[in-house]
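# no sequence on this one, just coordinates:
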């Protein structure tokens, strides 16, 4: 399951970077740093785009709503982590 999550996150990062950034890395870069083959990252990218029907737009209101939920859920984890190191 962790391998699938890592590949999903890597693919999301690749597409977000390509969508938002003017300076784009080649898929070889992501494959190397994601520790997967170029063939696999290319396939994951295509599958991800097809699943989203090639629509990478996210409504800003919806984005910030999900962002706040993630931040609020992650904050206790960060607080506990900093207390463990003291």
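Cool, got the structure. Computed from a predicted structure; not experimentally measured.

# use CA for all of it now, contacts and neighbours both
OK.

# residues near residue 41, how many?
The number of residues packed near residue 41 is 22, by other C-alpha atoms under 10 Å.

# so which helix or strand takes in it?
Per DSSP states H and E: residue 41 is located in helix 38-51.

# Give the rounded mean pLDDT of that helix.
Helix 38-51 shows a mean pLDDT of 97.

# Show me what it is packed up against.
helix 2-20, helix 27-34 (3 or more C-alpha pairs under 8 Å, 6 or more residues apart in numbering; DSSP states H and E).

# Which of those comes out lowest on mean pLDDT?
Among the helices and strands packed on helix 38-51, helix 2-20 scores lowest, with a mean of 91.

# Tell me which residues of it come out buried.
Neighbour counts over helix 2-20 (16 or more other C-alpha atoms under 10 Å) mark 7, 10-12, 14-15 as buried.
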